[in-house]
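> Provided below for reference: sequence and predicted model.
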Amino acid sequence: MTTESVFTGLKVLDASSFIAGPAAATVLSDFGADVIKIEPPGTGDPQRRLSSVPPSPQAQANYSWHLANRNKRGMVLNLKSPAAVEVLERLVEWADVVITNFPHGTREKLHLGYEEVSGWNPRVIYADLTGFGDTGPDARQPGFDLTAFWSRSGLLASTRDAGAPPTVPVWGSGDYTTAIAIYAAITTALYHRERTGQGADVGTSLLATGVWATGTLVAGALADGTPFELHDRKAPANPLINPYRTADDEWFMLVASPPHWPGLTRAIGRPELLEDPRFADIEGVIENAAALSELLDAEFRARPFAHWKDALGRERVTYSLIQTPEEAAQDPQLRANDIVVPLEGVSGLTETISSPVNLRGVPKVPAKRAPDLGEHNDEILAELGFGPAEIAELRAWGAVPGTTGTEGPQ
């Protein structure tokens, strides 16, 4: 039984690799879109190997592949073969949306440039992703999320404590953030097409989403604002927004505003602090940040997290336990809200992460495994109108995998 959803009947050609582009296609598939993913012959999308590359967690199942490519049909197509052009043209004519992240120049050589694609299908929504944007001195520079999203945007330089060197952030986090931006661009263009009948050329860059994520700090710089120094936990800019450690060695993040201050003093059993002139207003709190952070350190370090969970919760002071990814994976809140959902068809992997886009009352398609390399070649070629003799010729010319594993003449 097929689950009907928002994009049931929408056809998507995923001609992208690694994470951001494919993940955007996955969000569309979550809402019923029919997604065909094309990969090069040989080892396919490098994303297939990401789970085995350090520092990715070691596991039996290829979890990253299924996260970014579930619910798709898979096809191997050698875009470097002249014989593949007709297949690609028919795929584009079939599609409502085409997603690519080939670099400028390369995409045109592979017949995936916007001008050629829109010539084949004027109503198509063409969505592309770059590292650093379409123009400017670095437009053709390769970019990954660690470089374009994290490093170039100012985010990585700001995400560390005073005296600490830059570190390696969570790889892929910028890609998955950017995937939502691409998805938003696609859905905006689909609404535009619904109103006008016209296709569109949309996209974003890892740099653009990285700067958006760093928006408060970059916007402050645009306003010639004076930045604070890098965070120092023992002398923070604001001790009410700071991580603290408990007696049982748990860490939690406190995020309290001035209206929370009375409740916080009650939670730590120090209501007399309300009369302390050092902390009478936010200016005093900031001026005496080192003293207050030392005081809070001592109080929070004296009791276990379970105590503070009750005390802070009772006073409705905002905080959160700082969880490891392993702890987050077991958090019951994730399953209660369908953030973690069942995954069908993968040995050693029964769950995956749902996309963060939800329409209440509208079901998502149940998550099924990502395709094996070239799994749906014959099925898709037949749908596109290629007969057995034509498919055999495509194999002979190396446009699609041959039955003997040879690619034939080029």
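Great, that's in hand.

> can we go C-alpha only for contacts and neighbour counts from here?
Will do.

> And the residue lying closest to Asp138 once chain neighbours are set aside, which helix or strand is it part of?
Distances taken as CA to CA, 6 or more residues apart in numbering place Phe132 nearest to Asp138, at 6.3 Å, with adjacent residues excluded. Using DSSP states H and E, Phe132 sits within no helix or strand.

> To which secondary structure element type does Ala148 belong?
Following DSSP: H, G, I helix; E, B strand; the rest coil, Ala148 is assigned to helix.

> just use 34 as the starting number from now, easier for me
Shifting the count to begin at 34 puts that one at Ala181.

> ok, it to Leu250 distance?
Note on Ala181: its distance to Leu250, by CA to CA, to the nearest Å, is 17 Å.

> buried stuff in stretch 399-412?
Pro399, Ala400, Lys401, Arg402, Ala403, Pro404, Leu406, Gly407, His409, Asn410, Asp411 (16 or more other CA atoms under 10 Å).

> which residues are in contact with it?
Stretch 399-412 is contacted from outside by 36, 63, 72, 76-77, 98-99, 102-109, 374-379, 385, 424, 433-434, using CA atoms under 8 Å, 6 or more residues apart in numbering.

> again with stretch 139-154
Here stretch 139-154 makes contact (CA under 8 Å, 6+ apart) with Leu112, Lys113, Val118, Glu122, Val125, Glu126, Thr133, His137, Val157, Tyr159, Gly232, Asp234.

> one step back: give the contact list for the residue nearest to Asp171.
Going by CA under 8 Å, 6+ apart, Phe165 touches Asp171, Ala172, Arg173, Gln174, Gly176, Ala181, Ser238, Leu239, Leu240, Ala241.

> Pro74 against Val109, yeah?
Yes. Using CA atoms under 8 Å, Pro74 makes contact with Val109 at a distance of 5.8 Å.

> between those two, who's got more neighbours?
When neighbours are counted by other CA atoms under 10 Å, Pro74 and Val109 differ, and Val109 comes out ahead with 23 against 20.

> In contact with that one, which residues?
Taking CA under 8 Å, 6+ apart as the contact definition, Val109 lies against Ile71, Glu72, Pro73, Pro74, Gly77, Leu406, Gly407, Asn410, Val433, Pro434.

> same thing but 6 Å
Contacts for Val109 were tallied using CA atoms under 6 Å, 6 or more residues apart in numbering; they are Ile71, Glu72, Pro73, Pro74, Gly407.

> beta partners for it?
Judged by DSSP bridges, the bridge partners of Val109 are Glu72.

> For Gly42, give its distance to Thr36.
Distance of Gly42 to Thr36, given as CA to CA: 11 Å.

> what's the answer for Glu72, then?
27 Å.

> Neighbour count for these two, which is higher?
Glu72 (22 against 11).

> And for Asp171, the neighbour number?
For Asp171, the count of nearby residues is 12 (other CA under 10 Å).

> Surely it is within a helix?
No. Counting by three-state DSSP, Asp171 is not part of a helix but coil.

> Can you name the residues that contact Cys278?
One thing to correct before we go on: residue 278 is Arg, not Cys. Listed by CA under 6 Å, 6+ apart, the contact partners of Arg278 are Trp284, Arg334.

> 8 Å - rerun?
Trp284, Phe285, Asp330, Phe333, Arg334.

> Looking at these, which are in strands?
Per DSSP state E, strands hold the following members of the contacts of Arg278: Trp284, Phe285.

> any chance of the contacts of Arg278 in CSV, plus pLDDT and distance to Ile274?
Below are the contacts of Arg278 laid out as CSV (pLDDT from 0 to 100; distance: CA to CA, whole Å):
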residue, pLDDT, distance to Ile274
Trp284, 98, 13
Phe285, 98, 11
Asp330, 98, 13
Phe333, 98, 14
Arg334, 98, 17
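
> Cool, thanks, talk later.
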